[in-house]
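Asks: build me a model from this:
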Amino acid sequence: MGKKSLFSLLLRHKYSILAGLITLSIVDFAQLSIPLIIERAVDSLTLKDGGLRALTKYALYILGLAIVMSVFRFFWRYFILGASRKIEFNLRNEFFSHLQSLPLEFFSSRKTGDLMAHTVNDIEAIRMACGIGVVVAYDGVLLLVFILAAISHISPKLTLYAVVPFSVLAAVVFVFGRIIEERFEKVQSSFSGLTEKAREVVAGIKLIKAFVKEREEFNEFESASRRYLDSNLHLIKLWGVYQPLITLIAGLSIGIFLWVGGRSTITGHITLGEFTAISVYLGMLTWPMVAMGWAVDVIRRGRASIKRVNEIFSVEAEVKESRGSTELDIRGSVEFKNLRFSYPDGKEALTDITLSIPEGSTLGITGETASGKSTLVKLLLRILEPCENQIFLDGIDVKKLSRETLRRSVVLVPQETFIFSGTVRDNISFMNPSV
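Replies: Residues are numbered from 1 along each chain as shown. Okay, the predicted model is just below:
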């Protein structure tokens, strides 16, 4: 299965995302127009012909823009956040479908709690990156560019003073962004361990109580919970420095403007209305700075999670059926010819097994623990893949039979019992719903 990225997931819903960005842009441009209206309103108060009529006109302009912003805010939420929910829905289903296609040995080497964390927490982080991450990143950049352009149009000199702290902001976002991604990966990893421990305790509660091991299990669970807490606190400490630092940089821009802009107003280089407009714009400038910091945090978390999800997607599914796979009703004769099998670690489980079991006969196979009894049955059902021309059913190589035919015709009763959620009838009729 192909490697996924945040961009490739967004591309699947490009029209919804595009519609959302267009409506978000309308909201931003309406918001950016308000300081210009305030500028004219303030300047009109200093003119002889200014009065209640002019103020009423500007107030109605602002009211109209507020209505436009309210309406289009609904649409960008619907399109972008709706698309992120669809991404979450499709990715989770795709992930679950891929899990079901993986060979049995994969589940022997991976903890259930880890897979549960991928299915829930990691995909949730990806949804956040594709939803609110896109919104705050686009919104922050768009507002930043146009606020600076508007200030520059009023006074290029003041713009230069106001943007001085941005060089510091760029360095802060770059350095902190990388550290956030690394620490969030550790948070997700510790959550996987905690989830697995909780699952293990619940699944084995009968044995735990039978052997009076509640205290030991509690201590182990507390240790896993402590690791999760510590990794989160480690990330929170970084976040506790990161956001206030961005707010400080935004405050520096406003402070610089008040000092330089106030002098320019006193000396008459800019009007009181222009000073007011720039003050409002700089107040609005705090959000783009915070938004970019937030966007980096959310997107980095999404990237860390998609790396973890891609690790599972990169695992190859079971060998696909060949085009010539045979479908037939099996009668029951089984034959093994010089069967050999070794596990991926190189351990040989079966060597030169030759055996013929006629149709309708009964055979019991005994042996020491780990002598290969279960391996033999798994090879027959192709839960483990045998080599060609080693196992035959009704004279046909099992490699030429479809798995559906094999597993529909051969019943395997595993050593480990498992009860699905539902009624007793649901469990009894699991294999054959019409029973």
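Asks: for residue 79, which non-adjacent residue is spatially closest?
Replies: Leaving aside its chain neighbours, residue 79 sits nearest to residue 20 (3.3 Å; criterion: CB to CB, 6 or more residues apart in numbering). Where C-beta positions appear, they are placed from N, C-alpha and C, glycine not excepted.
Asks: give the contact list for that neighbour.
Replies: Residue 20 makes contacts with 75, 76, 77, 78, 79, 80, 83, 135, as judged by CB atoms under 8 Å, 6 or more residues apart in numbering.
Asks: again, only using 7 Å
Replies: Applying CB atoms under 7 Å, 6 or more residues apart in numbering to residue 20 gives the contacts 76, 79, 80, 83.
Asks: who wins for most neighbours among these?
Replies: Neighbour count (other CB atoms under 10 Å) singles out residue 80 as the most crowded of the contacts of residue 20, with 27 neighbours.
Asks: what's the spacing between residue 275 and residue 425?
Replies: According to CB to CB, to the nearest Å, residue 275 and residue 425 sit 78 Å apart.
Asks: between these two, point out the one with more neighbours.
Replies: A direct count of neighbours by other CB under 10 Å for residue 275 and residue 425 places residue 275 higher, at 23 against 10.
Asks: from residue 268, how far off is the more buried one?
Replies: Look at residue 275 and residue 268: by CB to CB, they are 11 Å apart.
Asks: next up, phi/psi of the spatially most central residue of the chain, please.
Replies: The chain has residue 126 as the residue nearest its centroid, 2.3 Å off, counting by CA atoms, centre = their mean. Torsion angles at residue 126 (phi, psi; degrees, to the nearest 10) stand at phi -70, psi -40.
Asks: contacting residues for it?
Replies: By CB under 7 Å, 6+ apart, the contact set of residue 126 is 91, 302, 305, 306.
Asks: which stretches in this structure count as strands?
Replies: Taking DSSP state E to define them, one finds strands in the chain at 334-342, 348-357, 391-393, 396-397.
Asks: the third one pairs with which strands?
Replies: Strands that pair with strand 391-393, judged by DSSP bridges, come out as strand 334-342 (antiparallel), strand 396-397 (antiparallel).
Asks: can I get those strands in a markdown table including mean pLDDT, distance to residue 122 and mean neighbour count?
Replies: Below are those laid out as a markdown table (pLDDT from 0 to 100; distance: least, CB to CB, whole Å; neighbours: other CB atoms under 10 Å):
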| stretch | mean pLDDT | distance to residue 122 | mean neighbour count |
| --- | --- | --- | --- |
| strand 334-342 | 87 | 34 | 16 |
| strand 396-397 | 84 | 41 | 15 |
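Asks: dump those strands to JSON lines, plus distance to residue 196.
Replies: Conversion of the strands paired with strand 391-393 to JSON lines gives the following (distance: least, CB to CB, whole Å):
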{"stretch": "strand 334-342", "distance to residue 196": "29"}
{"stretch": "strand 396-397", "distance to residue 196": "39"}
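Asks: walk me through the domains of the chain.
Replies: 6-313, 334-428 (automatic domain parsing).
Asks: number of residues surrounding residue 426?
Replies: Using other CB under 10 Å, residue 426 is surrounded by 12 other residues.
Asks: okay, residue 178 and residue 348: tell me how far apart.
Replies: Distance, residue 178 to residue 348, using CB to CB: 46 Å.
Asks: ditto for residue 172
Replies: 58 Å.
Asks: do residue 33 as well
Replies: Relative to residue 348, residue 33 is positioned 77 Å away (CB to CB).
Asks: so for the two, which sits in the more crowded spot?
Replies: residue 33 (16 against 10).
Asks: my guess is that one meets residue 64, correct?
Replies: No. Contact criterion CB atoms under 7 Å: residue 33 and residue 64 do not qualify, at 10.0 Å.
Asks: what touches both of those two?
Replies: Counting by CB under 7 Å, 6+ apart, residue 33 and residue 64 have no common neighbour.
Asks: other SSEs contacting the longest helix along the chain?
Replies: The residue-count maximum for a helix in the chain (DSSP state H) belongs to helix 214-267. Helices and strands touching helix 214-267, by 3 or more CB pairs under 7 Å, 6 or more residues apart in numbering; DSSP states H and E, are helix 156-162, helix 166-203, helix 272-313.
Asks: show me how far the helix or strand of the chain with the lowest mean pLDDT is from its chain's centre.
Replies: Ranking every helix and strand in the chain by mean pLDDT, DSSP states H and E puts helix 156-162 at the bottom, with a mean of 73. In terms of CA atoms, centre = their mean, to the nearest Å, the centre of helix 156-162 is found 40 Å from the chain centre.
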